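[1] below are the sequence and a predicted model for it; my questions follow.
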Amino acid sequence: MEIVREHERRQRDTGATYQLNGAHISAAYWENPHSPRTDAVWLQLCTLTLDALSQYLNFTYAISRISAHTDPIALVHANRVQLLVNFLAVTPNRSRYVTFLEPFIYSHKTFLVRASPPAPGFSLLGPFDALTWSLLLAVAVMTAVAMAMNGRLCLPCMTWGDARRRVDARAITDLLKYYVRYVFGALVRQGGPWLPAAAPVRTVLAAWWLFAICASTIYSASLVSLLTVVRVREPFTSIPALLRHPAMTPVVVAGQSVVEQLATSPANSSLHRLLERVAAAAPRSVAKSLPEGLRLTLLGNHTLIGNALELKLLIIEEAEAVFSHEDDGEVTCALMLSSVEMLPTRMAWMVPRGSPYVRSLNNGIRAAIESGLRDKWLHEALPDRLELCRRPRKNIAVTTRQLTSVDLSGAISVLVYGGISAVVVLCLEKFIYHAHNALSEGQQWQRRRQRLLLMPVAMVTDDAAPQHRAESGTVDRVDI
């Protein structure tokens, strides 16, 4: 047997023996009358494990059943039970009264939700959510306005010739209409009949083209993915999204370890706010048993919080209501586990504090895990049809989400940097324009000053000319 060979290898490597030498262990199983089908699966897993450990460690055992009205932790704490074979979650509160053995199952807390029908493949607005579409519209309009304003501000600075000056000198409303068409045309990879003459406008236009290429590529890729895969729609994809959901009520089962784990979470965390949401919705949010929480989840407006493995097993309690057959003979599951994972959980057996069997049992459990027997036993105990509720109904299917503004932050940053560059180019053109004007005015003033200085000399020359002609006897000819 694999576990026996693993035991022999450990003895050779360490030189130690963990045999219990024929000891008899009084074990107990705490049964739950509300979920008999789940109890049968758990008891099968515990029996497989305990049988292998008894052969590995050389001990005998007897399993007694504890009723649901009895506190099993109190019995173990009072040493009335030497080994509790229920795989319970390890919590600090329970560890104060009993000793947990080596964790046998590693799981996490999650949500059980009602499965929605697969989303349609093609949706024109599907790749982005409503906020992202609104942001794209606002950015496009602001870019068109920025181009029109830059074109008017740069009009005095332009040195591109009269033809282009006349084009950019049109009314601001005409410019705005043109740039709006140009901006939205770039999103569908079109353009305009002419390029603007002003350098700042061209800078903004270059940044907008980069942004439009990135945005349209992301949109096209997301749209293709919607057509090639089957989408599974979840009511929420994170704990904050659940807290914002107006119609979804989180449900917990009284006495479950998840209540203690949520209560010990930080005060300002989303886990603590989730507990506050549960407390605010009480008593509708507190179920007396796991099957009652499952029936609430089937209504569609509740989600059950619990251990992922326990929730998978819980589905078989209401198999008639959860599983159905379609016309093509395919079996579908009305429930599914959420993709949200939280609160990693260790599940283990427990013994009284100071038990002499702790070291030997821990060694046997580690040998079962390392040899792969643990995974084999779990696969044999869990029904195969539970896999239908763990993944979508088709073979090729993924959980998709709409893209948000965060996914476009890189493309938007390109547009922002382009706007900053356009402002720098505009300021530079304004500076060059004013410097050129100042230089031209200085040159004109120098020429005007020179003319003023030369005016007295010209006047003296003009006065002396008649006297010279009189002395020389010459008379100007007058044309009649």
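    Nice, thanks for sending it over. What you are looking at is a predicted structure, and each value in this text was computed from that prediction instead of being measured. Residues are numbered from 1 along each chain as shown.

[2] ok, the helix or strand harbouring residue 27: who's next to it in the sheet?
    Counting by DSSP states H and E, the element that carries residue 27 is strand 23-30. If you go by DSSP bridges, strand 23-30 pairs up with strand 59-66 (parallel), strand 83-89 (parallel).

[3] which of the ones you listed sits most buried?
    Among the strands paired with strand 23-30, strand 83-89 has the highest mean neighbour count (mean count of other Cβ atoms under 10 Å), at a mean of 22. Quick note: C-beta positions are derived from backbone N, CA and C, even for glycine.

[4] now do the phi/psi pair for residue 264.
    With angles defined as degrees, to the nearest 10, residue 264 sits at phi -90, psi 0.

[5] which non-adjacent residue is nearest it?
    residue 92 (7.4 Å; Cβ to Cβ, 6 or more residues apart in numbering).

[6] count of residues packed around residue 284?
    12 (other Cβ atoms under 10 Å).

[7] for the one 4 residues further on, same thing?
    As a burial measure, the neighbour count of residue 288 was computed by other Cβ under 10 Å and equals 12.

[8] same check, this time on residue 91
    So residue 91, with other Cβ under 10 Å, has 17 neighbours.

[9] what's the pLDDT at it?
    The model reports residue 91 with a pLDDT of 89.

[10] residue ranges with poor pLDDT in the stretch 101-250 of the chain?
    Along the stretch 101-250 of the chain, the model assigns pLDDT under 70 to residues 117-123, 154-172, 189-195, 197, 227-232.

[11] show me where it has its helices.
    130-153, 162-168, 172-187, 199-228, 239-244 (DSSP state H, counting those that start in this stretch).

[12] take the ones you listed and lay them out in JSON lines including distance to residue 253 and mean neighbour count.
    Converted to JSON lines, those look like this (distance: least, Cβ to Cβ, whole Å; neighbours: other Cβ atoms under 10 Å):
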{"stretch": "helix 130-153", "distance to residue 253": "36", "mean neighbour count": "18"}
{"stretch": "helix 162-168", "distance to residue 253": "71", "mean neighbour count": "13"}
{"stretch": "helix 172-187", "distance to residue 253": "51", "mean neighbour count": "17"}
{"stretch": "helix 199-228", "distance to residue 253": "37", "mean neighbour count": "18"}
{"stretch": "helix 239-244", "distance to residue 253": "17", "mean neighbour count": "15"}
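
[13] so which of those helices gets nearest residue 56?
    Checking the helices of the stretch 101-250 of the chain against residue 56 by Cβ to Cβ gives helix 239-244 as the closest, at 41.9 Å.

[14] ok, and what's touching that closest one?
    Residues outside helix 239-244 that contact it (Cβ atoms under 8 Å, 6 or more residues apart in numbering) are 111, 235-236, 248, 250, 270-271, 273-274, 277, 303, 340, 342.

[15] closest one to residue 369 out of these, please.
    Looking across those and measuring by Cβ to Cβ, the closest to residue 369 is residue 342, at 24.0 Å.

[16] with adjacent residues omitted, what lies nearest to that closest one?
    residue 109 (5.2 Å).

[17] residue 286 now?
    Using Cβ to Cβ, 6+ apart, the closest residue to residue 286 is residue 254 (5.6 Å).

[18] so residue 57 touches residue 360, yeah?
    Yes. Here residue 57 reaches residue 360: they are 5.3 Å apart, a contact under Cβ atoms under 8 Å.

[19] measure stretch 347-366 end to end?
    End-to-end distance for stretch 347-366, by Cα to Cα, to the nearest Å: 14 Å.

[20] how far does it sit from its chain's centre?
    40 Å (Cα atoms, centre = their mean, to the nearest Å).

[21] let me see the contact set for residue 236.
    111, 242, 245, 248, 303, 338, 340.

[22] so which of the residues you listed is the closest to residue 131?
    Among these, and counting by Cβ to Cβ, the member closest to residue 131 is residue 245, at 16.2 Å.

[23] give me the distance between the closest one and residue 287.
    19 Å (Cβ to Cβ, to the nearest Å).

[24] likewise residue 24?
    39 Å.

[25] after the helix or strand harbouring residue 258, which helix or strand is next?
    Here residue 258 sits within helix 257-263, counting by DSSP H and E. Heading C-terminal from helix 257-263, the first helix or strand you meet, by DSSP H and E, is helix 270-280.

[26] mean confidence score for that following helix?
    91.

[27] now do the following helix or strand past that helix: distance to the chain's middle.
    Sequence order places strand 286-287 as the next helix or strand after helix 270-280, per DSSP H and E. In this view, strand 286-287 has its centroid 29 Å away from the chain centroid, taken as Cα atoms, centre = their mean.

[28] have a look at residue 245 and residue 287 and say which one is more surrounded.
    The neighbour count for residue 245 versus residue 287, taken as other Cβ under 10 Å, is higher for residue 287 (21 against 15).

[29] wait, that one sits on residue 293?
    Yes. Counting by Cβ under 8 Å, residue 293 is a contact partner of residue 287 at 3.8 Å.

[30] overlap of the contact sets of these two?
    The contact sets of residue 287 and residue 293 overlap at 251, 252, 253, 304 (Cβ under 8 Å, 6+ apart).

[31] the last one belongs to a strand?
    Yes. Secondary structure of residue 304, determined by DSSP: H, G, I helix; E, B strand; the rest coil: located in a strand.

[32] who's it bridged to?
    Residues in a beta bridge with residue 304, per DSSP bridges, are residue 112, residue 251.

[33] and it, what does it touch?
    111, 112, 251, 252, 253, 287, 290, 293, 294, 296, 297, 311.

[34] ok, now residue 188?
    Per Cβ under 8 Å, 6+ apart, neighbours of residue 188: residue 216.

[35] that older thread, now the residue nearest to residue 264: how far from residue 100?
    Residue 92 is 11 Å from residue 100, by Cβ to Cβ.

[36] again, but for residue 308
    The value you get for residue 308 to residue 100, if Cβ to Cβ is used, is 19 Å.

[37] ok, residue 90 next?
    Counting by Cβ to Cβ - residue 90 and residue 100 are separated by 5 Å.

[38] need the residues touching each of these two.
    Shared contacts of residue 90 and residue 100, counting by Cβ under 8 Å, 6+ apart, come down to 346, 348.

[39] what about these two, which has more around it?
    residue 100 (21 against 16).

[40] which residues touch the more buried one?
    Residue 100 neighbours (Cβ under 8 Å, 6+ apart): 90, 94, 346, 348, 349, 350.

[41] right, and out of those residues, which lies closest to residue 432?
    residue 346 (70.7 Å).

[42] near the closest residue to that closest one other than its chain neighbours, how many other residues are there?
    Ranked by Cβ to Cβ, 6+ apart and with sequence neighbours excluded, the top spatial neighbour of residue 346 is residue 103, at 3.8 Å. For residue 103, the count of nearby residues is 17 (other Cβ under 10 Å).
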